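> everything below, folded, please.
(4 chains, ligands or ions: 4)
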Amino acid sequence: MAQMTMVKALNLALREALAEDKKTMIIGEDVGQDEGVFRVTEDLLKEFGPDRVVDTPVAESAIVGLALGLAFNGFRPICEMQFSGFGYCGFAQIENHLSRYRNRTRGRYAAPLVIRMPYGGGIRAIEHHSESREAFFAQMPGLKLVIPSGPRNARALLRASILDPDPVMFYEPKACYRAFREEVPDEPETLPIGKAQVVRAGSDVTLISYGASMRPTLEAAEELEEEHRVDAEVIDLLGLVPMDTETINASVRKTGRCVVVHEAPRTCGPAAEVIARIVENSLMYLEAPIHRVTGYDLVMPFFAMEKYYLPNSQKVVAAAREAVNF
Amino acid sequence: MAQMTMVKALNLALREALAEDKKTMIIGEDVGQDEGVFRVTEDLLKEFGPDRVVDTPVAESAIVGLALGLAFNGFRPICEMQFSGFGYCGFAQIENHLSRYRNRTRGRYAAPLVIRMPYGGGIRAIEHHSESREAFFAQMPGLKLVIPSGPRNARALLRASILDPDPVMFYEPKACYRAFREEVPDEPETLPIGKAQVVRAGSDVTLISYGASMRPTLEAAEELEEEHRVDAEVIDLLGLVPMDTETINASVRKTGRCVVVHEAPRTCGPAAEVIARIVENSLMYLEAPIHRVTGYDLVMPFFAMEKYYLPNSQKVVAAAREAVNF
Amino acid sequence: METLAILDPEGNADEALEPKIEAADLRRLFRGMLASRRFDERMLKLQRQGRIGTYGPSVGQEAASLGPAFAIGPKDWFVPAFRETAGMLWRGWPMSKIILWWSGNEEGAKVPDDINDLPICVPVASQCLHAAGLAWSCKLNGTDHVAIGFLGDGATSEGDFHEAMNCAGVYQVPLITVIQNNQWAISHPRARQTASATLAQKAAAYGFDGIQVDGNDILAMIVATRDAVKKARAGGGPTLIEAVTYRLGVHTTADDPKKYRTDEEVELWKPKDPLIRFGRYLKRKKILDDKGRGLLEEEVAKEIAAAVETAEAYEPDVSAPFHHTLSEMPDHLRAQLAEFQAYRRSIGEAVPEEEDGRGRLQGNVGVF
Amino acid sequence: METLAILDPEGNADEALEPKIEAADLRRLFRGMLASRRFDERMLKLQRQGRIGTYGPSVGQEAASLGPAFAIGPKDWFVPAFRETAGMLWRGWPMSKIILWWSGNEEGAKVPDDINDLPICVPVASQCLHAAGLAWSCKLNGTDHVAIGFLGDGATSEGDFHEAMNCAGVYQVPLITVIQNNQWAISHPRARQTASATLAQKAAAYGFDGIQVDGNDILAMIVATRDAVKKARAGGGPTLIEAVTYRLGVHTTADDPKKYRTDEEVELWKPKDPLIRFGRYLKRKKILDDKGRGLLEEEVAKEIAAAVETAEAYEPDVSAPFHHTLSEMPDHLRAQLAEFQAYRRSIGEAVPEEEDGRGRLQGNVGVF
Ligand SMILES: Cc1ncc(C[n+]2csc(CCOP(=O)(O)OP(=O)(O)O)c2C)c(N)n1
Ligand SMILES: Cc1ncc(C[n+]2csc(CCOP(=O)(O)OP(=O)(O)O)c2C)c(N)n1
Ligand SMILES: [Mg+2]
Ligand SMILES: [Mg+2]
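Numbers count the residues shown, from 1 in each chain, chains lettered A, B, ... in the order given. Ligands and ions are numbered 1, 2, ... in the order given. I've put the predicted structure just below:
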């Protein structure tokens, strides 16, 4: 067991993967000598050499497309997009090929590769470095979409994603990269992809979130208990595809009230899907409308104002109290 | 008044725009001499010349990016993506620039351009020509997203989109291009963007759809009345952004039951947003869970099986009856 | 830039350049081009009869596709666009699969297990990156295998072509890229596709060799590809081959070329038909006379007839997308499959219970 | 390929090539480079003090940015990437706006009304298409205006660079594209970015001229751009200029160049510093002596101090994104604005009622 940040934990998972399977490799911009702009690939070039940890030219479509070619011949590339905002340069490769290859070839060519990308605001980064658009990939059948929220689950989920036979979009909440440390076991561990965690049991209201928004959500739960005698259950989805409909509904059936929290814009965002799955399965258990505490339907503001625009514990508390007092 | 197909109606709107405003121009692949692969730009090169109707090299990111440059200097480009499946090659320009330019420059550079693209299945087209991914653009703040369902509203909405000061994604249901004719008035007309239409009044259940799915939805409404004595109200959203929350909720408050229909995959698809807006505003009016009759969360099948996979009236009728008999 | 050509229109070979190819192989090559041609003709008819969907023939381009296919080995990777029928048949694709692809069945993209190819690719130029990635994988594996990728003249305008070529140059991968410059991208003529005098010279931007070849001359295509393959196997990196050819037919059956090009232009290219030239060459070399050719025509006709039969007998598994979109069906897909099968039953189809895929939780209404 | 250079390291000009520029302009050019340099230095300090965000200096690259800016007119379009501070200042951007951009305020991207520029662009190469579109608009308008766009060596690997250059060639638009080849793309060296010997030769792929220029030589940059502009105004189409320069400092303040390059390499480039060379030239020509330079330093210091003050006094309008994302706020945004203002009030901010933007319908809960 060692205390580590999410950056270190991700690095650990990558190192384990490279050590265990010679077919894994890392490709991306500045992942080698520079060790990634966030240092997630620290020491990996040194340990595994330039054939396994490969700097690419500045070309995101190439990163995805080359990785597909590599995967078709047995490699397991782990791609890094420097920021999710630049991943859209590779969007067509993801939509038209990565997500489809297994089905169109009826399994002859799977594409078991992972695309890691830092997403979200909160670190005062310049324009185009702070948005949350994970919902794009939730609407794209054929992919899995994993989003950790802390060092330990980041390591376990990245490992699971690398081992997974399907393509996985791995969204890393960069606001959590160095924000806090957790104990991470020495032994490799995995978490099942698509299984949510009830990270706090409660009976009055269900708070559902993932990724960077987990922290304000958990803070809100504490505050609700301490200041408002509201006992919140908190669910960490740990990703969006597959979405753990069962855990969500079991909780909402118990509490009858729900708030969904994320940074992504509201319209057609992940919260809408959570709500739809609750309505489909547990409508008659609902005691109050479900609230969305999300990014507004706005272009992500430059960083001077970003704190206003991100979900925070006050916003979650207010929504939860409205739900409870409905 | 003349009877015309949607293709002709769109052509009419384009001709009107080119005639009225010298700054409008059409750019896209094969839009000139070939008059568009669906002939939507018929006669326009002849009438307006090669500076106004311009064939581009095969380069979709260029189509969007060049149009932005043209727009910054006062032009009003109307872009054609040959099929929406290839529009994703221009996705980064849309996400990183088209949707953001007005906000980032605080209005100095707006980008009042229209991107037309045929979407959806049902015409036995080859791979990559049949998917529905309009939800991507609904999750992208800074854009409007318009989707006509018939010749008359197509002409009126395209005109409104061209005149609109904001960038508009204009999704054309290619299954409706030549499927039927409607009277289209001689005089130019517009429809407000973001206003839904109640196209059939009813009291038992609200059926909500848009684009190509309107036809099976309307057929279902007839069948529900004739064979099951269910009186369905039908709403045509005519687009997704802005979404007409008011019309949706007014209807659902009346009927207490709702089915949402679209071709796009279910998870994080447009129906989820419709449901979320109903839950936020009218939860206590709901008498039954809201059903989604949508594309499944699958890669769009090649055309031999597409009919199984598209929403049709039987599926809508079944869902509506479940809602009514709940 | 000079264009590599070996055969003249009369089928005379430039002896200095003529490759040594066994008579049997030359005959097989002719058969390959003929098979592709007759297949196209049959497919155009099937399309008119509504028995397949939209079809994109490659009439006139058979040499540009087949020459490269001939010049590589079975373990090399072959990455087609959508006008490589001749090459695909040579590689061992069953005709019936190609028919199935154009009939809207994924079975046509299910690459046979023993073939190192990718399936037909529709989004133009996107496959260039896959070919580059495959070439890279060959290098990383320490083998001397190469990858060969195809695209059209129009596709060279796409960003993916650029990114693929640039990365191939940087990593010096064993990649041969063949541009089938058939002079048109649907209605857009080559001259308006790019202002560069040749497409081959685009290689200069990527630091490797580009060569322009008479794409209607199968010997020249073979020689150019062989040179490139040899260089690639020896670690010399990528090559770009511009095959100058012509699309004699429609872009696809949905296209009407009369809208954008003259009959005269097409007539000009007809004498350069690769089949005619190669046929004359073989006749002159006494490798294939009219009788031999007649026998080949019969063989090919039978093969095509059998393939059509096989393809038309194919029964798709209607629920297959549920089983192949992901490696295992997650709960929400299981629920959707159940919904789907319920729908199929409601329209009178017989669906065995075990095909329902019911899971623990139904994502849809009221099952919880 | 030869590299155009006019000034040697000692500041001696090649007289055959030396452009005729008035003394006052030469002085202004020096001032421009100096201002950019001192501005960068100040910004690096402000960043360390936490007064601005991440900053990307352009130390060493001033000539490559300013030369082209000098060579165009005010009605021409200037399309920067993010290392064109010298050029932007020359074009008339208030320093305070540039500070605001790096302080996370959209105000820094709000191009002043009287300047025909686009704002700083982060997604590399994406702006090449905007510049090409602007150039096209100039041609369609029948003016002789041109557009000039910048990108880095790394950005040439992106598909958007290719698509922009190719279309510019096809439409023969008056576009000048300046590659600031500063040898590095963050940690990725020029040699691994592309296998082509020069970046200038990439123009061959697009059918127009490419020229390699000593980017640390402002006279050479001016001459090369002037030629290209003249050609473009006369309808001669696009030009690609590779400015060979060097990033003397960090990529951005988030970067540690010691991880990937040696101090020796940096030392090698220091004598080629464009400011030093141009300073020597002006001294030798008796256009600017030490005293004159001292006065410029004072002027620039004052300008920077004033700009910092202006920028730091800036109060952003917190709800501005609601007003600018679309031309008019639709109902759902009105509702979200109300929600947002309620939140602001809840944390004790004073928000006037009229700023609520309440609409007919609230998209959020329970207002209907
Ligand atoms: C990315 C993408 N954009 C657009 C299309 C539509 N389209 C299909 S074929 C074609 C022309 C391609 O021309 P070329 O590359 O020369 O190939 P050819 O058809 O001549 O073989 C276009 C534009 C596509 N398939 N993919
Ligand atoms: C599309 C895109 N991908 C990745 C990045 C992240 N990034 C920022 S600068 C940079 C390197 C750019 O190198 P170059 O073009 O040479 O410009 P320089 O920084 O040297 O001026 C990268 C990869 C980006 N901004 N945009
Ligand atoms: Mg072509
Ligand atoms: Mg650089």
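> my read: residue A:12 touches residue A:184, true?
Yes. Assessed by Cβ atoms under 8 Å, residue A:12 is found in contact with residue A:184 at 6.8 Å. C-beta here means a position set from N, CA and C on the backbone, and glycine is covered the same way.
> dihedrals phi and psi, whichever residue of the stretch 101-250 of chain A sits closest to chain C?
The minimum distance from the stretch 101-250 of chain A to chain C, using Cβ to the nearest Cβ, falls at residue A:242 (3.6 Å). Main-chain dihedrals, residue A:242, degrees, to the nearest 10: phi -70, psi 150.
> next, the contact list for it, please.
A:144, A:193, A:194, C:330, C:331, C:332 (Cβ atoms under 8 Å, 6 or more residues apart in numbering or on different chains).
> what's the pLDDT at the residue of the stretch 151-300 of chain A at minimum distance from ligand 2?
Residue of the stretch 151-300 of chain A nearest ligand 2, by Cβ to the nearest ligand atom: residue A:174 (13.6 Å). For residue A:174, the model assigns a pLDDT of 97.
> and for residue C:362?
Predicted confidence (pLDDT) for residue C:362: 38.
> the contacts of residue A:242, buried ones only, as a PyMOL selection?
A single PyMOL command selects the buried members of these (16 or more other Cβ atoms under 10 Å in any protein chain shown):
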select buried, (chain A and resi 144+193+194) or (chain C and resi 330+331+332)
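> what sits against residue 11?
Using chain A here. Contacts for residue A:11 (Cβ under 8 Å, 6+ apart) come out as A:39, A:40, A:41, A:42, A:43, A:44.
> should've been chain C
Taking Cβ under 8 Å, 6+ apart as the test, what residue C:11 contacts is C:276, C:277, C:278, C:279, C:280, C:281, C:282, C:283, C:284.
> just give me the residue right at the centre of chain C.
Chain C has residue C:84 as the residue nearest its centroid, 2.3 Å off, counting by Cα atoms, centre = their mean.
> please report phi then psi for it.
phi -110, psi 30.
> test my guess that it contacts residue C:67.
No. Taking Cβ under 8 Å as the definition, residue C:84 is not a contact partner of residue C:67, at 11.3 Å.
> once you drop chain neighbours, what's closest to residue C:304?
residue C:42 (5.2 Å; Cβ to Cβ, 6 or more residues apart in numbering or on different chains).
> ok but the one you found is inside a strand, no?
No. Using DSSP: H, G, I helix; E, B strand; the rest coil, the assignment for residue C:42 is helix, not a strand.
> retrieve the pLDDT associated with it.
pLDDT, residue C:42: 98.
> residues contacting the residue of chain C found nearest chain A?
With Cβ to the nearest Cβ, the shortest gap between chain C and chain A falls at residue C:133, namely 1.8 Å. Each residue near residue C:133 by Cβ under 8 Å, 6+ apart is listed here: A:65, A:66, A:67, A:68, A:69, A:70, A:71, A:72, A:73.
> as JSON lines, the residues you listed with secondary structure, pLDDT and distance to residue D:309 would be great.
Below are the contacts of residue C:133 laid out as JSON lines (DSSP: H, G, I helix; E, B strand; the rest coil; pLDDT from 0 to 100; distance: Cβ to Cβ, whole Å):
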{"residue": "A:65", "secondary structure": "helix", "pLDDT": "98", "distance to residue D:309": "49"}
{"residue": "A:66", "secondary structure": "helix", "pLDDT": "98", "distance to residue D:309": "49"}
{"residue": "A:67", "secondary structure": "helix", "pLDDT": "98", "distance to residue D:309": "49"}
{"residue": "A:68", "secondary structure": "helix", "pLDDT": "98", "distance to residue D:309": "53"}
{"residue": "A:69", "secondary structure": "helix", "pLDDT": "98", "distance to residue D:309": "55"}
{"residue": "A:70", "secondary structure": "helix", "pLDDT": "98", "distance to residue D:309": "54"}
{"residue": "A:71", "secondary structure": "helix", "pLDDT": "98", "distance to residue D:309": "55"}
{"residue": "A:72", "secondary structure": "helix", "pLDDT": "98", "distance to residue D:309": "59"}
{"residue": "A:73", "secondary structure": "coil", "pLDDT": "98", "distance to residue D:309": "60"}
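> closest one to residue D:173 out of these, please.
Of all the contacts of residue C:133, residue A:65 has the smallest distance to residue D:173: 29.0 Å, by Cβ to Cβ.
> residue A:199 against residue A:217, yeah?
No. Counting by Cβ under 8 Å, residue A:199 does not reach residue A:217; the two are 9.1 Å apart.
> list, one by one, the residues from the stretch 1-150 of chain C near ligand 1.
C:83, C:122, C:123, C:124 (Cβ under 6 Å from any ligand atom).
> rebuild the contacts of residue A:242 as TSV, extending it with secondary structure, distance to chain D and pLDDT.
Below are the contacts of residue A:242 laid out as TSV (DSSP: H, G, I helix; E, B strand; the rest coil; distance: Cβ to the nearest Cβ, whole Å; pLDDT from 0 to 100):
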residue	secondary structure	distance to chain D	pLDDT
A:144	strand	26	98
A:193	coil	30	98
A:194	coil	29	98
C:330	coil	31	97
C:331	helix	29	96
C:332	helix	26	96
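> quick one: the helices in the chain?
If you meant another chain, say so; for now it's chain A. A:6-20, A:44-48, A:60-72, A:84-87, A:91-93, A:101-104, A:135-138, A:151-163, A:214-228, A:245-255, A:270-282, A:306-309, A:313-324 (DSSP state H).
> wrong chain, I was asking about chain C
C:23-48, C:62-71, C:85-91, C:95-102, C:126-140, C:159-171, C:190-193, C:218-233, C:263-269, C:274-284, C:290-313, C:320-324, C:331-346.
> mind checking which of the ones you listed is nearest residue D:8?
So among those, helix C:159-171 is nearest, using Cβ to Cβ, at 33.2 Å.
> that closest one near ligand 1 at all?
No. Contact of helix C:159-171 with ligand 1 is not found when judged by Cβ under 6 Å from any ligand atom; the minimum separation is 8.0 Å.
> mind saving the C-alpha coords of that helix as PDB?
Output of helix C:159-171 as PDB, limited to C-alpha atoms (Å, rounded to 0.1, in the frame of the first residue of the first chain):
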ATOM      1  CA  GLY C 159      -6.500  15.300 -43.600                       C
ATOM      2  CA  ASP C 160      -6.200  11.600 -42.900                       C
ATOM      3  CA  PHE C 161      -4.100  11.000 -46.000                       C
ATOM      4  CA  HIS C 162      -1.700  13.700 -44.900                       C
ATOM      5  CA  GLU C 163      -1.400  12.400 -41.300                       C
ATOM      6  CA  ALA C 164      -0.900   8.900 -42.500                       C
ATOM      7  CA  MET C 165       1.800   9.800 -45.000                       C
ATOM      8  CA  ASN C 166       3.600  12.100 -42.500                       C
ATOM      9  CA  CYS C 167       3.600   9.500 -39.700                       C
ATOM     10  CA  ALA C 168       4.700   6.800 -42.100                       C
ATOM     11  CA  GLY C 169       7.600   8.900 -43.100                       C
ATOM     12  CA  VAL C 170       8.500   9.700 -39.500                       C
ATOM     13  CA  TYR C 171       8.400   6.000 -38.400                       C
END
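> which residues does residue A:170 contact?
Contacts for residue A:170 (Cβ under 8 Å, 6+ apart) come out as A:114, A:115, A:116, A:117, A:146, A:147, A:157, A:158, A:161.
> ditto for residue C:320
Residue C:320 neighbours (Cβ under 8 Å, 6+ apart): A:106, C:106.
> of the residues of the stretch 1-150 of chain C next to ligand 1 - the most surrounded one?
residue C:83 (27 neighbours; other Cβ atoms under 10 Å in any protein chain shown).
> which residue packs closest to that one, ignoring adjacent ones?
Nearest residue to residue C:83, sequence neighbours excluded (Cβ to Cβ, 6+ apart): residue C:58, at 4.1 Å.
> now do the same for that neighbour: its pLDDT.
On the pLDDT scale, residue C:58 is placed at 98.
> for it, what are its contacts?
C:36, C:40, C:65, C:83, C:84, C:85, C:86, C:247.
> from residue C:243, how far out is the fourth one?
When distances are taken as Cβ to Cβ, to the nearest Å, residue C:83 and residue C:243 turn out to be 11 Å apart.
> which neighbours do these two share?
Residues touching both residue C:83 and residue C:243 by Cβ under 8 Å, 6+ apart: C:61, C:180.
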